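Peer 1: Please work out how this folds:
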Amino acid sequence: MNWLAPYTDKRVIALFFLGFSSGLPLLLVFSTLSFWLREAGIDRASIGMLSWVALAYAIKWLWSPLIDKYPIPLLSKKLGRRRSWMLVSQMAIIGSLLSMSIADPKQALWLFSLLALGVAFSSATQDIVIDAFRIDSAPTDLQAAMAATYLAGYRIAMIVSGAGSLVLAAWFAPTEAEFSNQAWQSTYQVMALLMVPGLLTTLLCAEPTTALNPNPHPDSFWLSLVDAFWLPVKDFFLRYGKAAFLLIALISVYRLSDVVMGVMANPFYIDTGFSKVEIASIAKVYGVIMTLVGAALGGIILKQKGTLFTLFLGGLLAAATNLLFVTLSLKGPDLTWLTAVIAIDNLSAGIATAAFIAFLSGLTNKSFSATQYAIFSSSMLLLPKFVAGFSGFAVEAFDYTLFFIGTALLGLPALLFITLLAKKNIMSTAKVQND
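Peer 2: I've put the predicted structure just below:
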């Protein structure tokens, strides 16, 4: 059938493996890492602060113009600018994961944190390059298929690094009840090896022909670098004027509720009494599947009701479902209730994610797509990741019940900003349209 034709294109197939490579490290420095640390007896306050290593994803816009403009000496001549940056970032991820796999968080938590930061920084760099590679590699009519295969690979990788890691850690451990640091070390070694398919894809795929914007300051590195940052920002404020501040505020807080709650999710499951296998099968595999279902449902609602309506609905549901965890914290290790909570929570998250991606894409000017999207996607995580670092202190000071109520309330500012956007009709009054 004709609609399947794009998925036979080598460039589209390559994005599946690159998506897997991109999605694999994320949970290894987020929820999976929290699980390892909590089993090792690390206090929840330290676990919350260690989540700050994931801020690398939130500030990747700081070095994205460098990757977008400058080649790696020698290596770029052999592989090309995009593939050389991808290869270096992938090798750095593998090296950082292997280094974590010989570390013991109980003996040297500071060193363990630095190694996790190395994974996060290398992974964020890889994300920048793969986004640029995808945009550069194919015409517009293939971009949807490339995005679809990338997302499929990304989500499968999240199942592997989430549920797969927990299953492996349980399998490597001598007993389910006994903590084994060696089991987690072996698990991270397996995760490092699973980066190899993405690395091979980088070596085998073709370097895209990239049409760079003319450099207005060819003889000045610093002026050229300033333009790389300034021109995309200037364009955004020219198109939206004062309303740009409201848009930035919404981007900054939209994911605040679910990110802050997410850091403490795995410690909560452990403290409640669920086993690794139960968490792997329900929270990780089933949860990711329900997220995909929610994303598909979000796409349908988007088409029928528009971006802002779906954005509001997703934000409302994502915040409200945190309250379901309150009941779970009171019920204890009830698998039926865990399944219901995970299903509803991840379905809501899928709707919110679909709406937010559409919202960010609508804000992006195609003339600066790579840099502006990197800025937007980074901004959406900066405040949430920072606040999430204090989540462990909140749980220690109060309890899980009050913590979940607090994270639900964190969703209210986003709903207020969306309401203001709708009243001002800002999304349809931009000074420059993305045709």
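Peer 1: Contacts only, for Leu409.
Peer 2: Leu409 sits next to Ala319 when contact means Cβ atoms under 8 Å, 6 or more residues apart in numbering. Heads up, the C-betas are built off the backbone N, CA and C, glycines and all.
Peer 1: okay, now Ala354: neighbour count?
Peer 2: As a burial measure, Ala354 scores 24 neighbours (other Cβ atoms under 10 Å).
Peer 1: Next: the one 10 residues further on.
Peer 2: For Thr364, the neighbour count with other Cβ under 10 Å is 20.
Peer 1: what's it sitting at in phi/psi?
Peer 2: phi -80, psi 130 (degrees, to the nearest 10).
Peer 1: Not counting sequence-adjacent ones, nearest residue to it?
Peer 2: Gln372 (4.8 Å; Cβ to Cβ, 6 or more residues apart in numbering).
Peer 1: Quick check, that neighbour in contact with Phe237.
Peer 2: No: using Cβ atoms under 8 Å, Gln372 makes no contact with Phe237, being 11.6 Å away.
Peer 1: More neighbours: the two, which one.
Peer 2: Per other Cβ under 10 Å, whichever of Gln372 and Phe237 has more neighbours is Gln372, with 21 against 14.
Peer 1: For the more buried one, list the residues it contacts.
Peer 2: Residues near Gln372 by Cβ under 8 Å, 6+ apart: 232, 235-236, 363-365.
Peer 1: Derive a PyMOL selection command for the buried subset of those.
Peer 2: Per 16 or more other Cβ atoms under 10 Å, the buried members of those correspond to this PyMOL selection:
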select buried, resi 232+235+236+363+364+365
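Peer 1: Can you tell me which of the contacts of Gln372 is closest to Val263?
Peer 2: For these, the closest approach to Val263 (Cβ to Cβ) belongs to Leu363, at 27.3 Å.
Peer 1: Which pLDDT value does the model give that closest one?
Peer 2: Leu363 carries a pLDDT score of 81 in this model.
Peer 1: Go through stretch 307-327 and flag the buried ones.
Peer 2: Buried residues in stretch 307-327, counted by 16+ other Cβ under 10 Å: 307-308, 310-319, 321-322, 324-326.
Peer 1: same check, this time on stretch 268-288
Peer 2: 268-270, 272, 274, 276, 278-288.
Peer 1: Filter these down to the ones in helices?
Peer 2: With helices taken from DSSP state H, the overlap with the buried residues of stretch 268-288 comprises 268-270, 272, 276, 278, 287-288.
Peer 1: want to throw these into a markdown table with distance to Leu26 and pLDDT?
Peer 2: Conversion of those to a markdown table gives the following (distance: Cβ to Cβ, whole Å; pLDDT from 0 to 100):
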| residue | distance to Leu26 | pLDDT |
| --- | --- | --- |
| Phe268 | 20 | 90 |
| Tyr269 | 18 | 88 |
| Ile270 | 20 | 85 |
| Thr272 | 24 | 88 |
| Lys276 | 19 | 76 |
| Glu278 | 22 | 82 |
| Gly287 | 14 | 79 |
| Val288 | 12 | 76 |
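Peer 1: Do a quick rundown of the strands in this structure.
Peer 2: Secondary structure of the chain, counting by DSSP state E: no strands present.
Peer 1: okay, now the nearest residue to Phe236 once chain neighbours are set aside: neighbour count?
Peer 2: Using Cβ to Cβ, 6+ apart and skipping the chain neighbours, the partner closest in space to Phe236 is Ala244 (5.9 Å). Using other Cβ under 10 Å, the number of residues around Ala244 comes to 17.
Peer 1: Can you give me the distance of Ala244 to Leu416?
Peer 2: For Ala244, the distance to Leu416 equals 17 Å [Cβ to Cβ, to the nearest Å].
Peer 1: Quick one: low-confidence residue ranges for this structure.
Peer 2: Within the chain, the ranges that satisfy pLDDT under 70 run 1-4, 138, 140-145, 147-148, 176-177, 210-225, 284, 361, 366-370, 426-435.
Peer 1: What are the buried residues along stretch 398-413?
Peer 2: Across stretch 398-413, burial judged by 16+ other Cβ under 10 Å covers 400, 403-404, 406-408, 410-411, 413.
Peer 1: The nearest residue to Ser137 once chain neighbours are set aside: neighbouring residues, count only.
Peer 2: Leaving aside its chain neighbours, Ser137 sits nearest to Pro208 (4.2 Å; criterion: Cβ to Cβ, 6+ apart). The number of residues packed near Pro208 is 18, by other Cβ under 10 Å.
Peer 1: Closest to Ala116 out of the ones in helices among the buried residues of stretch 268-288?
Peer 2: Distances from Ala116 to those, taken by Cβ to Cβ, are shortest for Ile270, at 18.8 Å.
Peer 1: Nearest residue to that closest one in space, please, no chain neighbours.
Peer 2: Take Ile270 and drop its neighbours on the chain: the residue closest to it by Cβ to Cβ, 6+ apart is Arg38, 5.1 Å away.
Peer 1: so the one you found makes contact with Ile47?
Peer 2: Yes: at 6.2 Å, Arg38 counts as touching Ile47 under the criterion of Cβ under 8 Å.
Peer 1: more crowded one of these two?
Peer 2: A count of neighbours by other Cβ under 10 Å puts Ile47 above the other of Arg38 and Ile47, at 25 against 22.
Peer 1: so who does the more buried one touch?
Peer 2: 34, 37-38, 263-264, 267, 392.
Peer 1: PyMOL command to pick out the buried ones of these?
Peer 2: Here is the PyMOL command that picks out the buried ones among the contacts of Ile47, judged by 16+ other Cβ under 10 Å:
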select buried, resi 34+37+38+263+264+267+392
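Peer 1: thinking the residue nearest to Ser137 is in contact with Ile130, fair?
Peer 2: No: between Pro208 and Ile130 there is no contact under Cβ under 8 Å: 11.6 Å.
Peer 1: Okay, and which of the contacts of Gln372 map to helices?
Peer 2: Of the contacts of Gln372, the ones assigned to helices by DSSP H are 232, 235-236, 363.
Peer 1: For those, could you give me a markdown table that also reports distance to Ser101?
Peer 2: Formatted as a markdown table, the ones in helices among the contacts of Gln372 follow (distance: Cβ to Cβ, whole Å):
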| residue | distance to Ser101 |
| --- | --- |
| Pro232 | 38 |
| Asp235 | 44 |
| Phe236 | 42 |
| Leu363 | 40 |
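Peer 1: Going by distance to Ile102, which of the residues you listed wins?
Peer 2: So of the ones in helices among the contacts of Gln372, ranked by how close each gets to Ile102 (Cβ to Cβ), first place is Pro232, at 40.9 Å.
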